[in-house]
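S.K.: heads up, no residue letters with this:
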Ligand code: SF4
Ligand code: SF4
């Protein structure tokens, strides 16, 4: 047995008692919530809280101030990308999910810019290291939008430079709620298309 492996009792090693214990806990919560919700319907035991599932996407949660949501690439006043394709974010990324292809900038004052900048959001762990690593505030996660939730192909979850820049544009012109509105409307549109295709 390796030195650091936890010592399991015989009951734990047999698995079955642990499975029964897990089912007992889950059933206990289910029955408790069912009873409390039923009592609340009749105005009884209102002071005792029962678990509630957020009815997303109809209902939205208010995200805490420190929430690190979807990424965005910041833009300069002239609308061009602020990123200088220095690769520091890609180097710092523990999930290795940032792909950058650098190009020569037409302006001699600017050395490089990203011809391609992509984040594979299926690999991303939303740690924020890319934001910390960036020396010119070119990437942020202050959008209050959670990651994309729908798609049928892996490519649907790869966010391109255009998508990441558009978020900054929407944020500046229509505000944070608009980002979530757009995400939900895309989701509903995809759902309608999928339903029509069945
Ligand atoms: S949030 Fe973390 S995992 Fe995601 S792209 Fe940035 S550094 Fe990589
Ligand atoms: S986002 Fe920032 S760290 Fe990443 S390549 Fe662009 S300038 Fe460099």
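M.R.: Done, it's in. The structure presented is a predicted model; accordingly, all values stated were derived computationally and were not measured. Ligands and ions are numbered 1, 2, ... in the order given.
S.K.: residue ranges of the strands in this structure, please?
M.R.: Taking DSSP state E as the test, the strands found in the chain are 72-73, 98-104, 112-120, 139-140, 158-159.
S.K.: which residues sit against the longest one?
M.R.: For strand 112-120, the surrounding residues in contact (CB atoms under 8 Å, 6 or more residues apart in numbering) are 71, 73, 80-81, 83-86, 97-105, 157-161, 164. Bear in mind the C-beta positions are built from the backbone N, C-alpha and C, glycine included.
S.K.: State the paired neighbours of it in the sheet, together with their directions.
M.R.: Partners of strand 112-120 in the sheet, by DSSP bridges, are strand 98-104 (antiparallel), strand 158-159 (antiparallel).
S.K.: Can you tell me which of those strands is most buried?
M.R.: strand 158-159 (a mean of 20; mean count of other CB atoms under 10 Å).
S.K.: Please tell me how far the residue most central in space within the chain sits from residue 45.
M.R.: In the chain, the centroid-proximal residue (CA atoms, centre = their mean) is residue 147; its distance is 3.0 Å. Distance of residue 147 to residue 45, computed by CB to CB, to the nearest Å: 37 Å.
S.K.: what do you get for residue 56?
M.R.: With CB to CB as the criterion, residue 56 and residue 45 are 27 Å apart.
S.K.: With residue 178 instead?
M.R.: 40 Å.
S.K.: Ok, residue 119 next?
M.R.: For residue 119, the distance to residue 45 - CB to CB - is 47 Å.
S.K.: So which of the two has more stuff around it?
M.R.: Set residue 119 next to residue 45 and count neighbours by other CB atoms under 10 Å: residue 119 wins out with 27 against 13.
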